[in-house]
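coords below, sequence missing:
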């Protein structure tokens, strides 16, 4: 197996599968799915889940802080102010100076508001946060985010919770050509092959929540995703055979994504 | 994990990844890749590889018969006579009464000649062979093969060695509706996600050779395929989330393959 | 505009859109849709529509024989005997020595039974019929049909009436490389872009019925198909720009179908 | 045929195919291609083509202003200042108060810089321009543009000149659900079927340049595009048949784009 660890902003990640914590039946199921997934990055919505008040039931009681990197996120924030506020709250509570930054554009599609995102990222980077932005698949926006100081970008594969998989691998490819930071595909993955594809396209990691939590058997799907991400990464490194119309065709069908 | 073994003609298979033995650098690499792949079914071209003359260097010296199910195949046979002859040869040499039956239509595309295939299958089934036919993705041909007595069908995903993946999941789906025997997707897989997809569509197993042997690093790709098949199967059993245009859309995008 | 007529078995066809006559509300609508489509080849199911008994209401009363080439077809035939019988019946009634030969494999999918098709084609070619076979998208079967004496092959895009469009352009491409007769894509077209795509892939003509007759407004769809086939053919001849990841990319994304 | 005219900001457009003027061999070819395309909207890069200095050779000498709506565009502008300047220049020269607004993000991909685009749009709308913005396929950006006062949005199908067609029909669909102004698909169309597809997805018009000008035979491709856009629009209005796995399947494969 490859020694193939992911490093972002000086931090090393053991797994290339990052997981969310929403939509599970209860904290027990959340905990079990996360364990089975093999993820070490676990993202938590500061606005929705109590991770700051230790006097009440707290997701962090279920997640061993030595085992997991807790990544606070600003899900549910539709303004720059809100997103910045919840990021600060998480840091102030000692959770992390990492933040998965979400500034959402509407409640229907949960698409990012990239204008707001850029603004919030600017503020938080200046305040010393390690900002991992949830963004669309536009390479120009990705470049702006990196120019601001984001050490990775997290483009969507498809709308949050849609399960549609990577709708535009071409844009993903252009993002990879355009910025030289790790790319974490975030949102839209529906099943194992979607995760494998993301890794084969060259993504550095995949973040998902609904695909696991919303499956009929979340624990089995967590395991499927663990192996799919590993398989996709290995296949990417192993160097796949060229696509041809048939084996004896003289030229490969190059560049097909 | 599911207790989810595959049974064909009363034989139980531990792995849902079946592998070929062609195109490797040498027998050592073949052996190593097969080990890493976790496969227990290993198919061998009777016409090309010596598995019948034990006095010469023999692939079977590298494959522990207690560990692997050797599946002789009739690759390289373009006539009913040839295919039948090599199947008999393998059985006579004590290799197996299983045969992966190939009757090829031309040397360029290596598409099956389904007319010849049906004829050869009929002969071999009558002689007591367990015939696993390499066929096209036509459900009517699949049904004829099952009616003849084949206990599984092995439709191609795409031409042998093409690496194009499953070109027509619709036909695969119709085959699964039409026949009630295990489906082993055979030929055309290019990379890990292709294997995961085949399993997610409901295939019972995937057979591949070039995708592993022809990868830049065959051993790494063998491992990728092991995990991809496992991931795809788990995802199939786990029950994926529905596809929607976005999470709050009222209706799923049903049936999209 | 190109002088770009289609010739099959010495007969010249003005339009590359061929149409069926089933599923319309009445003969008036059938007639109108065909007129608007600009088709000159009109196929009629000998088994279903009365075209042989001139004493009863007859579709041919609505179709000017000077304007249209009536192509009898053997839709609804599931055996060699039936297909051969209806082809002979049509010729005996003076309709045509052309036949669109269908030998169907089952009532559910209406896939061709290619074994039966080859047998029936052999019989009818020997009897002097001009056999245009409705077949699957298998290049080996296509080659056998041409070897038997069919002057064109008519592979399906997708199952009859499915509206799925060309499910496997790769196979279509391989058929075009394998046989040197005109290819008429038959069955499966759902909307205008499907027809345009078929022509852009290099098909010589497209035959459709349900896509027009089953549309909410069959007359408007007939017009759409007329222009789509024309547009697709023109685009094929005009030579499209290469696909690239972006305009300044150094290499095209070649061969993508 | 439908009475189906397109109206944007009170202006009526006869054709739903809009064309550019770049990359042709000479003005004669440009003129001929435009004529054959049937377009009435012709877009011209103010920065690149002389349309303001009537004393020099001028594209407008070749285009009858009574026949065509000249749509100045700000291609080649990478800053808000530049884009605004060229828009003003075109209006000052009496060309039009319409502007196809481009603020590009980089020279490699020619993706829009949506942050700059929004800023420039705000300025120009305030100055009374009718701003038609070339944008990415992000529905949140589209909504912001409409909120600013753009009477239509022009999302890319794929990067300018890429010929990749509509890479993300899902986003296009979401844009159509999100804003209630006409959608003109702009950039990325490669061949006739791409244009037909855009219209079938529900686009109100398609703008293209390279697909025609860069074809081996631009005049034939112009004609192909004319018919493709017409066919796609008609098919959209005619109401296509549902997609099913096969005709007798009980449920359609709904929503597949």
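It's in. A quick note: this is a predicted structure, and the numbers were derived from the prediction, not measured.

all contacts plus neighbour counts: C-alpha atoms, from now on.
OK.

now do the helices in chain A.
Using DSSP state H, the helices of chain A run over residues A:27-37, A:80-92, A:114-126, A:139-148, A:169-178, A:192-200, A:210-213, A:218-238.

might you report the residue contacts of the closest residue to residue A:211 other than its chain neighbours?
Computed as Cα to Cα, 6 or more residues apart in numbering or on different chains, the closest residue to residue A:211 that is not its neighbour in sequence is residue A:190, at 4.9 Å. Counting by Cα atoms under 8 Å, 6 or more residues apart in numbering or on different chains, residue A:190 makes contact with A:161-165, A:210-211, B:240-243.

gap between residue A:190 and residue A:212?
Residue A:190 sits 8 Å away from residue A:212 when distances are taken as Cα to Cα, to the nearest Å.

can you give me the neighbour number for the residue in the stretch 1-150 of chain A positioned nearest to chain C?
Nearest residue of the stretch 1-150 of chain A to chain C (Cα to the nearest Cα) works out as residue A:139 at 12.0 Å. For residue A:139, the neighbour count with other Cα atoms under 10 Å in any protein chain shown is 26.

the one 5 residues further on now?
The number of residues packed near residue A:144 is 16, by other Cα under 10 Å.

so for the residue nearest to it when sequence neighbours are not counted, what's the pLDDT?
Excluding the flanking residues, the one nearest residue A:144 by Cα to Cα, 6+ apart is residue A:118, at 7.5 Å. Here the pLDDT value assigned to residue A:118 is 98.

which residue, neighbours along the chain excluded, lies closest to the residue nearest in space to the middle of chain A?
Centroid check for chain A by Cα atoms, centre = their mean gives residue A:207 as the closest residue, at 2.9 Å. Once flanking residues are discounted, residue A:207 sits nearest to residue A:18: 4.4 Å by Cα to Cα, 6+ apart.

sorry, back to before: so what's the residue of the stretch 1-150 of chain A closest to chain C up against?
Applying Cα under 8 Å, 6+ apart to residue A:139 gives the contacts A:171-172, A:174-175, A:178-179, D:111.

among those, which one lies nearest to chain C?
The shortest gap between chain C and any of those belongs to residue A:174, at 7.6 Å (Cα to the nearest Cα).

return the residues in contact with that closest one.
A:139, C:245.

can you do 7 Å?
Counting by Cα atoms under 7 Å, 6 or more residues apart in numbering or on different chains, residue A:174 touches residue A:139.

ok, back up a step: tabulate the helices of chain A (a markdown table), appending distance to residue C:126.
Formatted as a markdown table, these follow (distance: least, Cα to Cα, whole Å):
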| stretch | distance to residue C:126 |
| --- | --- |
| helix A:27-37 | 65 |
| helix A:80-92 | 78 |
| helix A:114-126 | 69 |
| helix A:139-148 | 63 |
| helix A:169-178 | 52 |
| helix A:192-200 | 51 |
| helix A:210-213 | 59 |
| helix A:218-238 | 53 |
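
among these, which is the most enclosed?
helix A:192-200 (a mean of 31; mean count of other Cα atoms under 10 Å in any protein chain shown).

that one - contacts with which helices or strands?
Contacts defined by 3 or more Cα pairs under 7 Å, 6 or more residues apart in numbering or on different chains; DSSP states H and E place helix A:192-200 against helix A:218-238, helix B:192-200, helix B:218-238.

alright, that wraps it up for me.
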